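Enquirer: have a look at this prediction, sequence included:
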Amino acid sequence: MNRQMFSEVEMARNVAICAKHLNGQSPHQQILCRLLQDLLREKACEEHGFYLGITALKSIGNSINNNSSNDSEDEHQAHILTFPVSFTCRTFLPAKGDILQGIVSKVLWNGAFIRSGPLRYAYLSFLKMPDYQYVHTVSEDDKPCFQKDDLSKIAVGVVLRFVVLAVRFKEKPHKRRNDFYVLATLEGNDTLGPISLTGLDDPYM
């Protein structure tokens with residue numbers, strides 16, 4: 001599949017910041033920090049995927065005063081300025097057919113959940129892991145897992161290579177912590193399945 005999961009895209013945003021935060025400090029740095037906070041809060045968008053990090057700040061436009069002159073004079077009222085900002089951002093967009101690897105975070109009788117970088121909700125149903133059988137726990141110390149005849153296991157902490165079967169984007173109100181949900185499969189490729197017993201969860205932004 002000839003598709004780039006990771007991209008660098010140019011984006012434009014309006015960054016709102018309290019005027020008092022700019023007093024005595026570098027406006028450029030304060031605006032950049034607020035932009036980062038906004039992207040972390042939003043997490044992802046449907047068009048570009050997960051925001052991994054800002055790679056370049058291209059321009060900051062002149063500020064727009066959000067406070068109307070008709071507002072009541074209140075000394076405690078925040079004076080908000082809005083800056084149009086242009087920047088480039090590295091993104092990760094999962095799509096059907098992509099081969100990913102991640103760490104099993106939870107195992108249930110009917111499937112397992114996998115984390116892969118910023119992707120926290122990849123679900124692998126027991127119907128999509130051929131030849132694996134659920135192993136019932138005998139005691140509280142036993143970890144539930146799926147196991148094959150060759151003793152390979154799908155358990156918490158195991159690194160899996162899997163194929164994306166379906167993707168759903170969910171936008172939260174006010175663009176707070178948008179997320180992608182993925183259905184995974186181990187079918188159709190002999191290289192899929194457990195590849196390690198331990199692994200690192202790659203940090204992002």
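Expert: Cool, the structure landed. This one's a predicted model, so the numbers in the text were calculated from it and none came from an experiment.
Enquirer: show me where the protein has strands.
Expert: 6-18, 44-45, 49-60, 64-65, 80-92, 99-108, 111-116, 119-125, 133-135, 145-147, 153-154, 159-170, 179-185, 193-196 (DSSP state E).
Enquirer: how near is the spatially most central residue of the chain to residue 165?
Expert: In the chain, the C-alpha nearest the mean C-alpha coordinate belongs to residue 118, at 3.2 Å (C-alpha atoms, centre = their mean). As judged by C-beta to C-beta, to the nearest Å, residue 118 and residue 165 stand 19 Å apart. The way it works is simple: take the backbone N, C-alpha and C, and place the C-beta from them, glycine included.
Enquirer: next one: residue 188
Expert: 10 Å.
Enquirer: which of the two has more neighbours?
Expert: Per other C-beta atoms under 10 Å, whichever of residue 188 and residue 165 has more neighbours is residue 165, with 20 against 10.
Enquirer: quick revisit: lowest mean pLDDT across the strands of the chain, which one is that?
Expert: The minimum mean pLDDT among the strands of the chain belongs to strand 64-65 (a mean of 72).
Enquirer: my read: the residue nearest to the centre of the chain touches residue 40, true?
Expert: No. The pair residue 118 / residue 40 is not scored as a contact, 10.6 Å apart, by C-beta atoms under 8 Å.
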